[in-house]
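Chemist: give me a model of this one.
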Amino acid sequence: MSTEVNELKQQACDRIDAVAQELVEVSHDIHAHPEQNFAETYAAELLTRTANELGLPTERNMYGCETGFSGEVGTGSTVCVMSEYDALPDIGHGCGHNIIAAAGLGAAIGLAVVAPRAGGRLRYLGTPAEEGGGGKLVMARNGALNGVDIAMMVHSADADLTTIDAIALQQLVVEYSGEAAHAAAAPERGRNALDAAVLGYMAVAALRQHILPSERIHGIFTRAGEKPNIVPRDAAMEWYVRSDTVTTLSALKPRVLAALQSGASACGCGFSHEWVDTPYADMVTNNNLSSMYISNASQLGRAVSVPGVNGRRVVGSTDMGNVSHLVPSIHPMIASAPVGTAIHTVEFARQSITPMADKAVIDGAKAMAMTAIDFWTSPDQQQAIAKEFAEANADKDVL
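Modeler: Just a heads-up that it's a prediction; the model follows:
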């Protein structure tokens, strides 16, 4: 590695260290103000204001998202660093998006001071609604990834891993319509929409025996009647249907739909459904780019493992998967909680403002910044990353 590259990395890391306290405060502040899909006004304002104060001009309401934002500096090959900052209902930041947000901000601040000298362009994106709504998809449809050469973010977890095991997902909303009647005086006049929904639920439960071990189907009741003495006239459910890839997801979807519709047929009820927006795609990790991240993380004392090799995996779905089909991308997991602490839990939310989580903010920012510098300063790596992406046969129809 040349002296100049080392100097650029040191300069970026020094800048991150200089603003480390601000980054940790941002992480804790977002954690204290959890906001859900497309309602992340507090987090978006905080992140853009802090970015502007620390030298990276950033604007809100960008690329079709009121709570999305963007900042850009430099010219040349474009590295896109992303922040997520939405939370979960009731649990709050049980996925640690406050860590993701602050780490992305830190990387962007560090890179902003070296991008002109490194001959690269930084695009810093704030992407809302990862937990449902697909902010990255909305922003990509509106040009957020135009001209981007690589994209990256880090995600909090209980281990340092090269990637999330991200499988394809699509949300399904179903409704059953029946006939209300007095449940005691005239039950024969009713058509029970709740019974239809329950039978549909049980049909999906039976279907689970005969799907791929890697596939997942899970749902909740969102409406289930009004009072016990009234035959429920309507019921509704929300489902997540997951499979390894967008292709295998397409094969699973009609089977799930048939199972749910069977309940309506059995009970003489009406049935309607909506597949919500575009599916979240599987994650296509660019291994050349990932190797650079692994090397840089190791310099920070983090041993990044391939999922499953050390017994650790994080399975889920993310709209970063869609991004990875459009541009070469990485989505490494960074240890911010003790081993065995599952994401999407109250305990993970508690762990997301500990000293271990704060260290993940700073280390994640530095590892991403150093990886971006490696990309900017190595034409060979740029070519290798582009070649690998071209040969991956990614599905560009993910928007």
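
Chemist: please save the CA atoms from stretch 291-309 in CSV.
Modeler: C-alpha atoms of stretch 291-309 as CSV (Å, rounded to 0.1, in the frame of the first residue of the first chain):
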residue,chain,number,x,y,z
SER,A,291,-12.3,-8.4,0.9
MET,A,292,-11.2,-4.8,1.1
TYR,A,293,-13.6,-4.2,4.0
ILE,A,294,-12.4,-7.3,5.8
SER,A,295,-8.8,-6.1,5.5
ASN,A,296,-9.6,-2.7,6.8
ALA,A,297,-11.7,-4.0,9.6
SER,A,298,-8.9,-6.3,10.7
GLN,A,299,-6.7,-3.2,11.1
LEU,A,300,-9.2,-2.0,13.7
GLY,A,301,-9.0,-5.4,15.6
ARG,A,302,-12.2,-6.9,14.1
ALA,A,303,-12.1,-10.4,12.6
VAL,A,304,-14.8,-10.5,10.1
SER,A,305,-16.1,-14.0,9.3
VAL,A,306,-18.1,-15.5,6.5
PRO,A,307,-21.7,-16.4,7.8
GLY,A,308,-21.9,-19.9,9.1
VAL,A,309,-18.2,-20.5,9.3
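
Chemist: could you give the separation of that stretch from the chain centroid?
Modeler: The chain centre lies 20 Å from the centre of stretch 291-309; the measure is CA atoms, centre = their mean, to the nearest Å.

Chemist: just stretch 389-399 next, same as before
Modeler: Taking mean C-alpha positions (CA atoms, centre = their mean), stretch 389-399 and its chain are 18 Å apart.

Chemist: and Glu35, what does it touch?
Modeler: Each residue near Glu35 by CB atoms under 8 Å, 6 or more residues apart in numbering is listed here: 41-43, 85-87. C-beta coordinates here come from the backbone N, C-alpha and C atoms, glycine included.

Chemist: Pro34 contacts Gly92, doesn't it?
Modeler: Yes: counting by CB atoms under 8 Å, Pro34 does reach Gly92; the two are 3.9 Å apart.

Chemist: restricted to buried residues, select the contacts of Glu35 in ChimeraX.
Modeler: Buried members of the contacts of Glu35, defined by 16 or more other CB atoms under 10 Å, are picked up in ChimeraX with:
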select :42,43,85,86,87
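
Chemist: closest one of the contacts of Glu35 to Ala251?
Modeler: Nearest to Ala251 among the contacts of Glu35, counting by CB to CB, is Asp86 at 30.1 Å.

Chemist: give me every residue that touches the closest one.
Modeler: Taking CB under 8 Å, 6+ apart, one finds 35-37, 40, 43, 97, 128-131, 133, 135 in contact with Asp86.

Chemist: can you do 7 Å?
Modeler: If you count contacts by CB atoms under 7 Å, 6 or more residues apart in numbering, Asp86 has them with 35-37, 40, 97, 128-131.

Chemist: Ala281 now?
Modeler: With contacts defined as CB under 7 Å, 6+ apart, the neighbours of Ala281 are 168, 246, 321-322, 325, 395, 398.

Chemist: what's the pLDDT at it?
Modeler: Note on Ala281: pLDDT of 94.

Chemist: grab the nearest non-local neighbour of it.
Modeler: Nearest residue to Ala281, sequence neighbours excluded (CB to CB, 6 or more residues apart in numbering): Gly321, at 4.1 Å.

Chemist: identify the residues contacting Asp165.
Modeler: Residues counted as contacts of Asp165 (CB under 7 Å, 6+ apart) are 307, 313-315.

Chemist: pLDDT check: weakest of these?
Modeler: Arg313 (83).

Chemist: from what I can see that residue touches Val306, true?
Modeler: No: contact criterion CB atoms under 7 Å: Arg313 and Val306 do not qualify, at 9.7 Å.

Chemist: so for those two, which sits in the more crowded spot?
Modeler: Taking other CB atoms under 10 Å, Arg313 and Val306 do not tie; Arg313 has more neighbours (18 against 14).

Chemist: and the residue nearest to the more buried one when sequence neighbours are not counted, how many neighbours does it have?
Modeler: Spatially, and ignoring its direct neighbours in sequence, Arg313 is nearest to Pro307 (4.4 Å; CB to CB, 6+ apart). Using other CB under 10 Å, Pro307 has 18 other residues around it.

Chemist: same check, this time on the one 10 residues further on
Modeler: The local packing count at Ser317 equals 24, with neighbours defined by other CB under 10 Å.

Chemist: so what's it closest to, chain neighbours aside?
Modeler: Leu169 (3.5 Å).

Chemist: what does whichever helix or strand Asn52 is part of contact?
Modeler: In the assignment (DSSP states H and E), Asn52 maps to helix 41-53. Outside helix 41-53, the residues that touch it by CB under 7 Å, 6+ apart are 22, 26, 29-30, 33, 35, 58-60, 67, 69, 71, 83, 85, 101, 105, 108-109, 124, 126.

Chemist: now do that helix, average pLDDT.
Modeler: Averaged across helix 41-53, pLDDT comes to 98.

Chemist: okay, angle between the helix or strand following that helix and helix 41-53 too, please.
Modeler: Per DSSP H and E, the first helix or strand lying C-terminal to helix 41-53 is strand 58-62. Inter-element angle recorded for strand 58-62 and helix 41-53: 150 degrees (by axes from the mean of the first three to the mean of the last three CA atoms, to 10 degrees).

Chemist: residues of strand 58-62 that come out buried?
Modeler: 58, 60, 62.

Chemist: stretch 68-78 too?
Modeler: For stretch 68-78, by 16+ other CB under 10 Å, it's 68-74, 77-78.

Chemist: do the same with stretch 348-362
Modeler: Under the neighbour-count criterion of 16+ other CB under 10 Å, stretch 348-362 has 348-353, 357-362 buried.

Chemist: next one: stretch 6-20
Modeler: 8-9, 11-13, 15-16, 19-20.

Chemist: stretch 241-257 too?
Modeler: Buried residues in stretch 241-257, counted by 16+ other CB under 10 Å: 241-246, 248-249, 252-253, 256-257.
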